[in-house]
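> Can you look at this prediction? I've put the sequence above it.
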Amino acid sequence: MKRIRNISLTIIIMMIMVFTSLGAQTTPHQLWAMPLDIIGIYCYNMEIIGDNIFLMYLSGPYPYPQTLIQVNYTTGEIGWTRAGFIGNEVVHKKQLGVTSDNNLVTVDERHIAYKISAQDGSTIWTQDIFPSLHQQTPWWTIYTFPEYIAYLNVWMGWVCLDNTTGNIIGNLGLGDDWIAPEWGGDIYSADGYNIYICGMINDGTFNGNIRKETLTTNNGLINGVSLNWQCTIWDKVGRYIIPNNNKLYICTATIDFNTLNEATWWMQQLDLDTGEIFWEHYIGTAEEYQPEGMINNGSNILFYGSHTTSSGTVPILMNYDANGQLTWTFSPQLPPGTNGTYISARWHGNTLVLLSTVPSIRLSGISTGTNPVDDTTTPPIINSVYCYPNPFRDNTNIEFRQEKASEQTTIAIYNVKGQLVRTLAQQPFAVGEHTITWDSKDDAGQKVSPGIYFYKITSGRFSATKKVILLK
């Protein structure tokens with residue numbers, strides 16, 4: 001099968017857009033736009049850890065070298081840069097992931113998986129996943145789960161690696177009757193073992209197939225898979241999948257058999273336990289819209305991508321409620337003569353960060369015509385995070401203000417490799433000021449070595465990571 005969507009090679013500029021955390025009644029406003037003067041071909045991958053944004057982009061033509069960079073969320077300054085990865089001209093998305101210990105994983109066309117330190121870009125481990133199913137096809141997409149990292153081949157061969165060591169703990173297939181499209185299917189799982197997958201039936205008909213699979217384990221190895229249910233969505237290929245309030249939302253596309261391009265876009269709501277389809281709604285034609293992904297927005301679902309009209313193509317957000325009704329849309333103002341799309345989206349605390357592409361020739365300092373504004377519509381969950389003394393020798397106090405009740409607030413200490421050292425708290429906190437003391441010991445009660453550490457606070461969608469130094 002040929003590529004479904006053709007993307008012209010062009011130099012891109014990347015802009016980061018931020019919006020308030022939204023409810024169904026609230027329309028967004030842009031907080032800031034951050035132009036990045038980076039020469040590349042594609043940039044589809046964005047992740048956020050603490051106060052840094054990480055971008056993986058193709059930095060040249062064949063053999064498609066990839067570059068991974070760290071960008072400060074507040075200032076836009078580029079921290080470390082790491083090149084040397086080899087990309088792929090087909091699968092662009094899902095080439096970057098965040099592990100449960102807050103580091104990065106990627107994979108290149110040589111079948112090499114990498115775990116990368118988010119702090120300095122150094123290698124934590126590498127693993128050759130070439131001795132795997134369907135090894136002739138180097139089209140891997142990455143999914144990170146609490147205990148392992150999954151690398152999914154386009155022909156539905158799985159290689160699972162241990163998060164800590166990088167050792168292969170699973171190597172299996174999901175059946176020859178099922179295939180992910182060449183641009184990659186999509187997966188959701190809360191625990192890494194009960195997995196919801198969307199793709200298509202391997203019969204050349206472009207019928208979508210949604211499945212719930214359960215992986216089985218033995219002595220720490222993933223050694224099998226069983227089918228719970230499957231649902232066929234006729235004449236529509238599954239593209240994106242996301243859960244919300246015990247329902248599963250699927251974005252699908254019909255295919256034009258003459259061009260092998262998308263023709264129309266649809267959204268379906270399914271039951272998580274049975275795969276029963278509750279409703280299906282039409283989004284629009286492929287000439288009008290190009291969805292690039294979905295992300296939860298409270299009890300709503302946000303589509304992000306592009307909208308094409310007679311005046312050009314603009315990035316767009318589309319907010320749908322639980323009944324599949326479109327409640328609002330948003331598009332930013334672009335400079336005259338430019339086009340763009342939202343290509344990736346991640347929550348950072350109470351704001352939504354969007355990666356946008358504007359195909360132009362090195363338009364440095366591009367402005368969207370908006371200025372930073374203070375967002376007073378949604379109070380932060382956590383505020384005033386700091387620790388003292390810093391540096392310290394024996395004990396340091398982490399202080400924060402819980403502005404809004406949350407089911408759980410977690411405070412943890414990590415070393416420079418991103419490894420968890422100590423969990424200081426994992427509980428609800430009342431609204432108000434709180435102080436948590438770290439006695440410079442790990443979870444085993446042993447005194448840790450002097451050096452640089454990071455304390456991380458997460459509460460709901462809020463996440464903050466800051467440095468603390470332990471002296472001799």
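Noted; the coordinates are in hand. Numbers count the residues shown, from 1 in each chain.
> wait, what's in contact with residue 82?
For residue 82, the contacting residues are 67-69, 116, 121, by CB atoms under 8 Å, 6 or more residues apart in numbering. C-beta here means a position set from N, CA and C on the backbone, and glycine is covered the same way.
> ranges for the strands of the stretch 251-400 of the chain?
Using DSSP state E, counting those that start in this stretch, the strands of the stretch 251-400 of the chain run over 261-271, 277-285, 289-297, 300-309, 312-320, 326-330, 341-348, 351-359, 382-388, 396-402.
> Show me what counts as buried in the third one.
It refers to strand 289-297. By neighbour count on 16 or more other CB atoms under 10 Å, the buried set for strand 289-297 is 289-295, 297.
> now the shortest one
Of the residues in strand 326-330, those scored as buried under the neighbour-count criterion (16+ other CB under 10 Å) are 327, 330.
> And that strand, what does it pack against?
Applying 3 or more CB pairs under 8 Å, 6 or more residues apart in numbering; DSSP states H and E, one finds that strand 326-330 contacts strand 312-320.
> what's the average pLDDT for the biggest strand by length in the chain?
Counting residues, the longest strand found in the chain (DSSP state E) is strand 221-233. Computed over strand 221-233, the mean pLDDT rounds to 88.
> Would you give the sheet partners of the next helix or strand along the chain from that strand, along with the direction of each?
Once the chain leaves strand 221-233, the next helix or strand it forms, by DSSP states H and E, is strand 237-244. Strand pairing for strand 237-244, using DSSP bridges, gives strand 247-256 (antiparallel).
> neighbouring contacts of the strand it pairs with?
In contact with strand 247-256 (CB under 8 Å, 6+ apart) are residues 4, 188, 196, 198, 206, 208, 210, 233, 235-243, 261-272, 278, 283, 286, 291, 294, 301, 303, 322.
> redo that, cut-off 7 Å
Strand 247-256 has contacts (CB atoms under 7 Å, 6 or more residues apart in numbering) with 196, 198, 206, 208, 210, 233, 235-242, 262-272, 291, 294, 301.
> now stretch 388-408
Contacts of stretch 388-408 (CB under 7 Å, 6+ apart): 379-387, 409, 411, 426-440, 455, 457, 459-460, 468-471.
> Any chance of a PyMOL selection covering the buried ones in the residues you listed?
Those of the contacts of stretch 388-408 that count as buried under 16+ other CB under 10 Å are selected in PyMOL with:
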select buried, resi 380+381+382+385+387+409+411+429+434+436+438+440+455+457+459+460+468+470
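> Take the contacts of stretch 388-408 and keep only those in helices.
Among the contacts of stretch 388-408, DSSP state H puts none in helices.
> Now, the contacts of stretch 388-408 that are in strands?
Under the assignment DSSP E, those contribute 382-387, 409, 411, 426-427, 432-438, 455, 457, 459, 468-470 to strands.
> returning to that earlier point: can you name every helix or strand that the longest strand of the chain contacts?
strand 168-173, strand 208-218 (3 or more CB pairs under 7 Å, 6 or more residues apart in numbering; DSSP states H and E).
> Could you tell me the angle between that strand and strand 237-244?
Counting by axes from the mean of the first three to the mean of the last three CA atoms, to 10 degrees, strand 221-233 points 110 degrees away from the direction of strand 237-244.
> can you give me the offset of strand 221-233 from its chain's centre?
Taking CA atoms, centre = their mean, to the nearest Å, one finds strand 221-233 lying 23 Å from the centre of the chain it belongs to.
> ditto for stretch 149-165
Going by CA atoms, centre = their mean, the spacing between the C-alpha centre of stretch 149-165 and its chain's C-alpha centre is 17 Å.
> For it, buried residues please.
149-163.
> List the ones among the residues you listed that fall in strands.
Applying DSSP E to the buried residues of stretch 149-165, the entries found in strands are 149-153, 157-162.
> could I get the strands of the stretch 251-400 of the chain as TSV with distance to residue 218?
Compiled in TSV, the strands of the stretch 251-400 of the chain are given as follows (distance: least, CB to CB, whole Å):
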stretch	distance to residue 218
strand 261-271	30
strand 277-285	35
strand 289-297	34
strand 300-309	37
strand 312-320	41
strand 326-330	47
strand 341-348	35
strand 351-359	40
strand 382-388	41
strand 396-402	41
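> Now distance to residue 247 and mean pLDDT too, for those strands, in a markdown table please.
Converted to a markdown table, the strands of the stretch 251-400 of the chain look like this (distance: least, CB to CB, whole Å; pLDDT from 0 to 100):
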| stretch | distance to residue 247 | mean pLDDT |
| --- | --- | --- |
| strand 261-271 | 5 | 92 |
| strand 277-285 | 7 | 93 |
| strand 289-297 | 11 | 91 |
| strand 300-309 | 10 | 91 |
| strand 312-320 | 12 | 89 |
| strand 326-330 | 17 | 87 |
| strand 341-348 | 19 | 85 |
| strand 351-359 | 21 | 75 |
| strand 382-388 | 29 | 76 |
| strand 396-402 | 30 | 88 |
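> For residue 98, which of those strands is the nearest?
strand 341-348 (9.4 Å; CB to CB).
> Would you mind listing the outside residues contacting the closest one?
With CB under 7 Å, 6+ apart as the test, strand 341-348 has contacts from 44-48, 73, 290, 292-293, 295, 304-306, 313, 315, 317, 352-357, 461.
> For it, list every residue counted as buried.
Here strand 341-348 shows 341-348 as buried, counting by 16+ other CB under 10 Å.
> Stretch 247-262 now?
Using 16+ other CB under 10 Å as the test for burial, stretch 247-262 gives 248-255, 261-262.
> tell me the contacts of the closest residue to residue 229 other than its chain neighbours?
Once flanking residues are discounted, residue 229 sits nearest to residue 275: 4.1 Å by CB to CB, 6 or more residues apart in numbering. For residue 275, the residues meeting the contact criterion (CB under 7 Å, 6+ apart) are 210, 212, 229-231.
> Which one of the residues you listed is nearest to residue 333?
The closest of these, once distances to residue 333 are taken by CB to CB, is residue 210, at 37.6 Å.
> which non-adjacent residue is nearest the closest one?
Once flanking residues are discounted, residue 210 sits nearest to residue 231: 4.5 Å by CB to CB, 6+ apart.
> do residue 120 as well
Residue 120 sits nearest to residue 80 (CB to CB, 6+ apart), 5.8 Å away.
> Dig out what residue 387 forms beta bridges with.
Using DSSP bridges, the bridge partners assigned to residue 387 are residue 398.
> shouldn't the residue nearest to residue 120 be in contact with residue 72?
No - the criterion here is CB atoms under 7 Å, and residue 80 misses it with residue 72 at 11.1 Å.
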